[in-house]
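> Please work out how this folds:
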Amino acid sequence: RGPGSAPPWRVQREKSTGMSQAWCTIESDPGVFTELIEGIGVQGVQVEEIYDLSEETLDRLQPVHGLIFLFKWIKDDASDRNLLSGGAPGVFFAKQVVQNACATQAIISVLMNAEGVKLGPELSRIKEFASALNPEMIGQVIGQDKVLRTVHNSFSRPEPFMVEPDEKATEDDDAFHFIGYVPVGNKLYELDGLQPGPIEIGEVKDGKWLQVAKPAIEKRIQKYSQKEIRFNLLAIVKNRQEVYRGMIEKLQASIAKGEGDESKQKAEVADLEGKINQEKIKFQKWKEENVRRKHNFVPFIFNLLKELSQAGKLDEVVKEAQKKAESRMEAAAKAKAKAAAKDK
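Numbering: from 1, shown residues only. Got it, this is the predicted structure:
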């Protein structure tokens with residue numbers, strides 16, 4: 001069980017923090033988070049999933065406002081790092097006091113601290129109101145905010161069975177957690193709502209904060225065994241269509257002035273227009289996927305089973321499904337045994 005993307009293990013199941021404000025579990029997915037950010041009134045940004053921390057990948061996504069990292073939670077007192085329990089100047093930090101809210105809170109923490117992001121009325125109001133509050137109280141403000149909770153809960157999955165709202169993760173559960181990395185001034189901070197304050201990662205030179213974040217994330221990953229691959233890294237970046245349009249405007253202005261190689265510049269414009277179309281297709285795909293996420297398929301499934309039963313085909317379908325499930329379990333057991341033998 002864990003907090004957060006499309007693969008089942010990423011469905012969010014978080015370490016309990018006590019206070020509950022009925023925030024649902026949501027998926028860690030760039031399409032979900034992009035729509036969530038738009039829903040709380042922030043414009044001009046989107047979320048992209050990162051599969052490696054190479055300079056080429058990160059440069060392609062510039063400008064990057066911050067990173068969101070999902071990992072399997074293990075107890076961490078941050079004693080070996082620069083934990084700033086009293087806070088840091090100019091850093092917006094909130095304690096997580098609501099279960100299942102850490103993904104949204106990590107996103108909000110990055111947005112609140114990022115430069116050049118238009119927060120919109122709701123986050124601007126919260127930031128101004130919370131300026132004189134301590135991290136615990138700021139967490140309370142976020143957890144009790146109706147707009148944030150409503151947008152977050154709009155991504156809840158319809159469930160055929162009710163789950164006890166006060167169910168807590170046990171030691172045997174796989175609890176997953178989201179944290180944020182964001183530069184403020186000339187320093188990079190890790191923002192973890194389960195810690196008493198921000199963690200200073202290091203100094204940033206010439207604005208190259210991603211070079212500072214990379215070893216910090218890699219160090220976290222190295223704490224786990226080689227078998228643990230359930231990590232998810234996402235970047236909050238400037239809206240790519242806006243970036244590409246800005247580049248097109250500069251090229252067109254250069255063409256109009258007769259500067260540079262016109263044929264090469266026109267080819268670059270055509271390439272950028274193609275990238276804009278790709279972004280439009282991606283956003284439409286995200287929209288359709290989110291509609292499916294939110295749709296309640298339970299009545300359809302119920303009626304399908306009912307029709308199969310009335311047609312006398314339900315037993316046959318169930319037996320076939322059981323055979324497939326057994327085959328998958330056998331294949332998984334063989335793969336596990338093979339991996340164990342290899343480790344020896």
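
> Quick check: nearest residue in space to Gly202, chain neighbours excluded?
In this structure, Gly202 finds its nearest non-sequential neighbour in Val212, 4.7 Å apart by CB to CB, 6 or more residues apart in numbering. (C-beta placed from N, C-alpha, C; glycine too.)

> Mean pLDDT per element in this protein, and the minimum belongs to which helix or strand?
The weakest-scoring helix or strand in the chain, judged by mean pLDDT, DSSP states H and E, is strand 82-83 (a mean of 82).

> hmm, back to that, any idea which helix or strand carries the residue nearest to Gly202?
helix 210-221 (DSSP states H and E).

> What of Val243?
Per DSSP H and E: helix 240-256 holds Val243.

> In that helix, which residues are buried?
Of all the residues in helix 240-256, those buried under the rule 16 or more other CB atoms under 10 Å are Arg240, Gln241, Val243, Tyr244, Ile248, Leu251, Ile255.

> Can you tell me which of those is nearest Val318?
Taking CB to CB as the measure, Val318 sits nearest to Arg240 out of the buried residues of helix 240-256, at 46.1 Å.

> burial count for Glu48?
Neighbour count of Glu48, defined by other CB atoms under 10 Å: 18.

> Same question for Ala130.
As a burial measure, Ala130 scores 20 neighbours (other CB under 10 Å).

> low-scoring stretches of the protein, by residue?
Counting by pLDDT under 70, the ranges of the chain that qualify are 1-21, 73-79, 158-174, 224-230, 340, 342-344.

> can you do 50?
1-20, 166, 169, 171-172 (pLDDT under 50).

> Okay, domains of it per the record?
Listed domain ranges for the chain are 8-238, 240-294, 302-343 (source: automatic domain parsing).

> any chance of the buried residues of helix 240-256 in JSON lines, plus distance to Lys208?
Formatted as JSON lines, the buried residues of helix 240-256 follow (distance: CB to CB, whole Å):
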{"residue": "Arg240", "distance to Lys208": "21"}
{"residue": "Gln241", "distance to Lys208": "25"}
{"residue": "Val243", "distance to Lys208": "19"}
{"residue": "Tyr244", "distance to Lys208": "23"}
{"residue": "Ile248", "distance to Lys208": "27"}
{"residue": "Leu251", "distance to Lys208": "26"}
{"residue": "Ile255", "distance to Lys208": "32"}
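
> circling back: burial measure for the residue nearest to Gly202, as a count.
Neighbourhood size, Val212 [other CB under 10 Å]: 17.

> what do you get for Pro63?
12.

> Can you tell me how far it is from Ala132?
Per CB to CB, to the nearest Å, Pro63 is found 30 Å from Ala132.

> by contact count, what packs against the lengthiest helix in the chain?
Ranked by residue count and defined by DSSP state H, the top helix of the chain is helix 262-294. Identification of packing neighbours for helix 262-294 by 3 or more CB pairs under 8 Å, 6 or more residues apart in numbering; DSSP states H and E yields helix 30-39, helix 240-256.

> can you state the direction angle for the longest one and helix 262-294?
By that I understand helix 240-256. Counting by axes from the mean of the first three to the mean of the last three CA atoms, to 10 degrees, helix 240-256 lies at 170 degrees to helix 262-294.

> The stretch 51-200 of the chain: helices as residue ranges?
With DSSP state H, counting those that start in this stretch as the criterion, the stretch 51-200 of the chain has helices at 55-60, 102-113, 120-129, 135-144, 146-153.

> quick one: contacts for Leu148?
Ile40, Thr104, Ile108, Glu122, Ile142 (CB atoms under 8 Å, 6 or more residues apart in numbering).

> And for stretch 117-124, what's in contact with it?
Taking CB under 8 Å, 6+ apart as the rule, stretch 117-124 contacts 40-45, 65, 108, 111-112, 127, 145, 147-148.

> what would these look like in JSON lines with distance to Glu320?
Output for the contacts of stretch 117-124, formatted as JSON lines (distance: CB to CB, whole Å):
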{"residue": "Ile40", "distance to Glu320": "45"}
{"residue": "Gly41", "distance to Glu320": "49"}
{"residue": "Val42", "distance to Glu320": "47"}
{"residue": "Gln43", "distance to Glu320": "49"}
{"residue": "Gly44", "distance to Glu320": "50"}
{"residue": "Val45", "distance to Glu320": "46"}
{"residue": "His65", "distance to Glu320": "49"}
{"residue": "Ile108", "distance to Glu320": "46"}
{"residue": "Leu111", "distance to Glu320": "48"}
{"residue": "Met112", "distance to Glu320": "52"}
{"residue": "Lys127", "distance to Glu320": "56"}
{"residue": "Asp145", "distance to Glu320": "48"}
{"residue": "Val147", "distance to Glu320": "47"}
{"residue": "Leu148", "distance to Glu320": "45"}
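
> Which one (most neighbours) among those?
Busiest of those [other CB under 10 Å] is Ile108, holding 27 neighbours.

> And the strand or helix carrying Ile201, how far out from the chain middle?
Using DSSP H and E, Ile201 sits within strand 199-203. Distance of strand 199-203 from the chain centroid (CA atoms, centre = their mean, to the nearest Å) equals 22 Å.
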